[in-house]
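Engineer: sequence and predicted structure below; questions after.
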Amino acid sequence: MPGADLLARPAPAAGRPAPPNRSPRWVRRLRRDWVLLVMVAPAILLLAVFHYVPLLGNVVAFQDYSPYVGIAGSPWIGFTNFERILTDPGFWDATVNTLTITAFQLVFYFPVPIGLALLVHSLLSPRLRMLVQGVVYLPHFFSWVLVITLFQQMIGGAGVLNQFLRSHGFSPVDVMTDPDLFLVLVTAQSVWKDAGWGAIVFLAALSTVDTSLYEAAAVDGAGRWRRLWHVTLPALIPVVVLLLILRLGEALTVGFEQFLLQRDAVGAATAEVLDTYVYFTGVVNSDFAYAAAAGLVKGLVGLALVLAANKVAHLAGEQGVYSR
Amino acid sequence: MTTVRTPSRPTRPTRPAWEEQPTRLGQAAKGVLVGVVLLAVLFPLWVVVLTSVSTSAAITRAGGLVVVPDGITLAAYAELLSGGTVTRSVLVSTGITVVGTLFSTIVTLLAAYGLSRPGSFAHRPLLFAVLLTFLFGPGLIPTYLLVQSLGLLDTYAALVLPGAVAAFNLVVLRSFFMNIPQDLVDSARIDGANDFRVLTRIVLPLSKGVTAVISLFYAVGYWNAFFNAFLYLNSTDKWPLQLVLRAYVLQGQPIPGASPADSTLDGTGGLVATLAVKMAVVVIAVVPVLAVYPFVQKHFTKGVIVGAIKG
Amino acid sequence: MILNRRGFFSLTAAVGGTVVVGCGSSAQQHTGSALDADALSRVLPAHVPVEFAKPDLPGVGGSAPGYLSFPRELVAAVKDKPLKGGEVTAMTPAFWPVPPGLGENSYYDVVNERLGGVVKFDLVQGSDYAAKLAALMAAKQVPELTVMPTFTIPPRFSEGVGEVFRDLTDFLAGDKVKDYPLLANIPTDAWNACVYGGRLYGVPFPDKLFPEALFYRSDLFEQLGVEPPKSADEFAALCKEINDPANNRWAVGDVFRSVVRMFGSPGDWSRDPSGKVVNVIETEAYTEAVKFTRGLYEAGYVHPDLVAGTTTRLKELFAGGQMLIYQDGLGAWREALAQQRPTNPGFGMEAMPLFAHDGGKPGYPVSPPTAMVTLIRKDVPDDRVRELLGVANFAAAPIGTEEHFLLRYGTEGKHSARDASGSPDLNELGRKEITLTYGFLSGPPDAIVETQYPDYVESLHGWLSDAYEHQIKPPTFGLRIEEPAEHSKLPKQFEDRTNDILRGRTPVDQVGKLAEDWRKAGGDELREFYDKALSDAGR
C-alpha cells in the first residue's frame, strides 16, 4: 500500500548508540537530546514568562479580589466564586446550549473546510483553483457585526428576499428570528465566515501528499474514490484528528459576539451561551475574580475533553495532540 | 540519496495520463458547487466594496448596505487616508507584522521541531505545558502588571512578546513534522547532520506549505491586533493601523453601559456616510492579506515529491 | 476582552430592571453603599452662575438655554495662564478618529500656548476605556489628569479611587470653588457623580438630565398627514396608519423604554405612597408598557431589524424613511441633521413631545447629568493640583468666551471660519486636528449652541423646557449606590424575560409573573438594600 509510508507510525528514534559508560538513563537521554531542548527553549521561555507568570494571577478566583489592593491584600474566600457559577441554573442552561451548538457544529461545520479543501484540490484548471483558493478565505476578515448585518439585509424580515416575496404577494419567511432555526442559522453563518479560512490548513496538508503515489495507485487500478480514500485522506487524517481534539478543548466556547448580537432575535433561552452568560453575570459590571473562576472552569473542562479525546485517538492508532 | 523536488509552477494544463476522464454528471456537480462557493464569497465582497464607495444619499436610500450602484464617491477613502495618523500607523503595523512574524515563526519552527522527535527527552511534559496555554488564559490585569514590571510599557516589544508563541500554531506545525518520514531525518543524522541542519535542509523544504500557513496566521494576527497596543501604548504616535482604524469603526456606536445621551459627545459631524467609512475600513484591512496570500498559496502546489526514500 | 461591542447599548442599558449607579462590585461580604445627603452637601462645591453671552431662548425654570446666533464678541474669561510651564500628562476617552499628535497638531500648539504648558494626551477609545483604566489603576500608572466617562467606570472603582486619585474636597468644597469661577458655574447636580466615600474626587463634564427621546420624521408625517400622538391609543392608531411593509416602511423601531415612561414610570427605584421601595418592574406602568409594546410587535409595526435586535443600521433606516419613529439619544438629532441636510434639505426630524398613556400629565424620570469625571493623580503636590484645576476651569468656559471658542473651533481663520450668520464651522484642518480633548477636562452647563441649525435649537429648547417641567427626580437621584454583586445578573435576566414577552416567544400572561419572579430571584433582597441605602440618605 503506497500510502502507508506516510501513515506509518515512525519507529522510536534509533538515536546514537548508547555510550559505553553507565550513567543513568535520563542523563544519556539528556546528552542525546540537548540540542532539541535548546531549540524548544525560546518558546518555552516566552510562554513561561508571558503566559504562566500572569496565569498565576488566576488565584484571584479564590479571592474577593480588588485590583487596587492587589492579590496580597484581597481576602481569600475559598470556592465562593465557583459556587456562584456552579449552583446557578442559568449556568447549566447556558452550558447545555453551548454543548448543543458545539455538537451540531462538529457535525455540520467541522467537515466543511475539509470538503472545501478537497474540492479546491481537485480542480484541474490552475486558474480556477487560484481564483477559488484566493477568495474563499476573505469573509474571515469580516467582523461578526458585518456578517450578521449582511444576513439581516439579505434574509431578514426587511431583507432583499422578504421584500421580493412581499412585493409578489407571498408571505415573508422568518429565518433570523425563529428559535427553532437558530442552530442552523448560526452554523450557516460560521460556515460562511470561516470555512474558507479553515480550509487553508487542510490545503497545506494536501500539499504534502506525494503525487507519485496517485500515479502508483492509478497504475495499480485504484479509481478516483479509492485514491481519495487511500492516498489523500491518510495525509489529512493526522491534522483532522489534531484539530478535532483542539476544537474539543474549546467545546465550551462557541463564540461571543455572534450570540450576543442575535440574542434578542431568538431569546436568551436559545442564544445564551457560556461566554455571554459569564459576561452578563460577572464581567459586564463586576469582578475579575468571577471571570477568573469561570475561565478556570472552562479550562478544566477543556483539559478533560482534550485528554479523553487524545486517549480515544491513541486507541484508534492516531497520534493526536501528543504521542503516548 | 535524498532528493526533494518541488515543481516550479502549478501549471498542469493537461490531465495526467493515468487519470480517468471525469463523468459529465461529476463535472456538472463540481461546477455548480464551485459556482455557489464563489458567489457566496464574491457577492458580499461586492456589497462591502460598493458600500464603501457609495455616497451618503445612496446609503440612505438603500437603508444600509448598498447592493446596486447608486452614486459613487471615494470620499470615505479620502477621509480615512487624509487623517495624519494613518500613514505613519501603516509603517508601524508593517514593521510589527514583519518583525513579529519572523520572530514567532522561527521560535515556533524550532520548538515544533524540538518536540517532534518520538521519545526525546522531556518532550511530553513540555508539550503538555504548551497545550495548557491553549486552554487557560491569563487575566488582563496580571498581564499588564507583568509587562509593566518588565519595563515594556509604551514599547513595540509589548506588542510582540506576550503573544509571540501560539500553542495552536506550534501543535499544528509539530503534527506536520511528525508526519515527515522519520527515515529521512534519521539517515541525515547518521550522515552527521546536526539538528539545525536537519531542520533547514530536510524538514523545512518538505513543510513549505504549512510553514507558509503558520506564518500567515501569525502575520494576520499581528496585522489585525489592536488590543495589546491599546493597553500598553501611551502615545498615539506609536499606534498601529488597526487601532487607528478601529476609531472609525466604533464611531457613532454605542458603548456598553453608556446612556444614549453620550452620542452628544460626538464632536465631529462628518459629511461622509459613516457606513461607507466602516466598509472602507474592512476593505483596507483585507488588502494586505490579498497582497500576501499568493505567496502563501504558491506553496500549496500539488506535488511535493518525496523521492527516493531509502529505496 | 477583545470585543467589538456594537449594538451593545440596547442590550445592557435597555429595560429598567435595576438601576446601576456607579458600578457593581463583587462578592458577598461587600455590601454596597450609599452616601447620605448631608455628607454630600458638605463636600459639594457652591453654585455661582456666570453668563458671558445672553441666550436668545433663556432656560425655563432651569432648563437649558438656547442660542440662535453665535456671539460675535467673545470675552476672555480666564485672565492668566493656568499652567506654570512644563508638561501635563492626561488621558481622555475618544469616540472618534484620533487627531495628529503633539508636534504635528497646530491646534494643540495654540491651546498649549494659551494654557502655559504642554498637555500630553493619551487618547483611549471609549468602548475599551474601563479595561485600560482598571489596568492603569491596578498598576498605579495613571497620568496626572484622568478623564473617566461615568458609563465606563472600572469594576470596584470606589475601592480604588482613594488609593490612586487625589482628594479634591479641600480645594473645591463649598465656597472654595470660587477660586475657579467657571467650575463654580457648574450646577450642583453634576457634581454628585464626583463624590466617593464622602469626599470629592473629581470635576464633572455636565450632561443632559434626559438621556433620550422618541424621534419622528416630521417631513414624512406631514406628507402622510399625521400628527404626533397624545395618548397610547393615538400612538397605536398612528402606527397603524403609517405602517406599510409592502412599501418597505415600518412605523417604529425600539421604543420600549419610552413606552414605560409613557405609562408613568416613576424611575428605576422609587417609593410608593405607603413608603415601600419598589422597582420599576413591579409597577403597573411596566406591566402595561409590556402589554402595549407587545401589541406593536404583534401587529407588525416594529421594523424587522429591531425585532431581530439588530441595531447596526438604525440611523440609516430612519434617515431612509423605512422606520418613522424610534428612540435614541438626544445627540442623535444633531448628528442626523449634519449627516442628512446636505443631500436632503427637506429632511425633518423632531423629538416627540412627551405624553401620557391616558392623555394626562406625562413624566420623565431623569438621570444624573454627568457624562465625565476628571480625576487628579494622588501624588500630585498641592500647587500643581491648583494648576490642574485651573486647566479644568479653562475647559469649563461657556459659550461667549474666547476659551470656549478656542477649545472647540481653534483659531478663527486657521481652523475654522464663520458663515454669513456668524456660526463658526471647522474647516478641513480643524476637522483633522480638533476633537474633544481639553474639552473633556470639564465642561460648561448644558446649553443648546448649534447655531447653524436655528430650527433645531428652537425645537430642542422647546422639548427640553417641556421635559424639564415634567421631570421626575427618583429618590436615588444624585446618590452613588453600588449594588451587591450577587444580584448583578438580575437586570439582564429580566430584560431577557421582557424581550421574550415583547416578541411573543412567551405568552402575554407571563407579564403578571415578572414581578413575582423578580422578587424571588433576589429582588426582595435588593429592595431591602435600597431601602436601607435610601433611608441612610434621608430619602
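Structural biologist: Yep, that arrived.

Engineer: tell me the mean pLDDT over the helix or strand encompassing residue C:338?
Structural biologist: Assigned by DSSP states H and E, residue C:338 belongs to helix C:331-340. Model confidence over helix C:331-340, given as mean pLDDT, is 86.

Engineer: that helix near chain B at all?
Structural biologist: Yes - using Cβ under 8 Å from any Cβ of the partner chain, helix C:331-340 comes into contact with chain B via C:331-332, C:334-335, C:338-340. In this view, the C-beta of every residue, glycine as well, is placed from N, C-alpha and C.

Engineer: work out the gap between that helix and the centre of the chain.
Structural biologist: Taking Cα atoms, centre = their mean, to the nearest Å, the mean C-alpha location of helix C:331-340 is offset from the chain mean by 17 Å.

Engineer: can you give me the helices in the stretch 151-300 of chain B?
Structural biologist: Assigned by DSSP state H, counting those that start in this stretch, the stretch 151-300 of chain B shows helices spanning B:157-160, B:167-178, B:182-190, B:195-198, B:204-206, B:208-224, B:227-232, B:241-250, B:274-297.

Engineer: I'd like these as a markdown table, with distance to residue C:347, mean pLDDT and mean neighbour count appended.
Structural biologist: Formatted as a markdown table, those follow (distance: least, Cβ to Cβ, whole Å; pLDDT from 0 to 100; neighbours: other Cβ atoms under 10 Å in any protein chain shown):
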| stretch | distance to residue C:347 | mean pLDDT | mean neighbour count |
| --- | --- | --- | --- |
| helix B:157-160 | 44 | 94 | 21 |
| helix B:167-178 | 50 | 92 | 23 |
| helix B:182-190 | 72 | 84 | 18 |
| helix B:195-198 | 69 | 88 | 17 |
| helix B:204-206 | 62 | 87 | 16 |
| helix B:208-224 | 37 | 92 | 22 |
| helix B:227-232 | 36 | 90 | 21 |
| helix B:241-250 | 24 | 82 | 23 |
| helix B:274-297 | 16 | 86 | 19 |
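
Engineer: helices or strands next to the helix holding residue C:338 in the packing?
Structural biologist: For helix C:331-340, the contact count by 3 or more Cβ pairs under 8 Å, 6 or more residues apart in numbering or on different chains; DSSP states H and E identifies helix B:56-62, strand C:212-216, helix C:314-319, helix C:454-469 as packing neighbours.

Engineer: mind redoing it with 7 Å?
Structural biologist: Here helix C:331-340 is seen to pack against helix C:314-319, helix C:454-469 when contacts are counted using 3 or more Cβ pairs under 7 Å, 6 or more residues apart in numbering or on different chains; DSSP states H and E.

Engineer: send me that helix as PDB with only the CA atoms.
Structural biologist: Extracted as PDB, the C-alpha positions of helix C:331-340 are listed here (Å, rounded to 0.1, in the frame of the first residue of the first chain):
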ATOM      1  CA  GLY C 331     -27.300  63.800  20.500                       C
ATOM      2  CA  ALA C 332     -28.500  61.700  17.500                       C
ATOM      3  CA  TRP C 333     -30.700  64.600  16.500                       C
ATOM      4  CA  ARG C 334     -27.900  67.000  15.600                       C
ATOM      5  CA  GLU C 335     -25.800  64.200  14.100                       C
ATOM      6  CA  ALA C 336     -28.600  63.200  11.800                       C
ATOM      7  CA  LEU C 337     -29.100  66.800  10.700                       C
ATOM      8  CA  ALA C 338     -25.400  67.200   9.900                       C
ATOM      9  CA  GLN C 339     -25.500  63.900   8.000                       C
ATOM     10  CA  GLN C 340     -28.700  64.400   6.000                       C
END
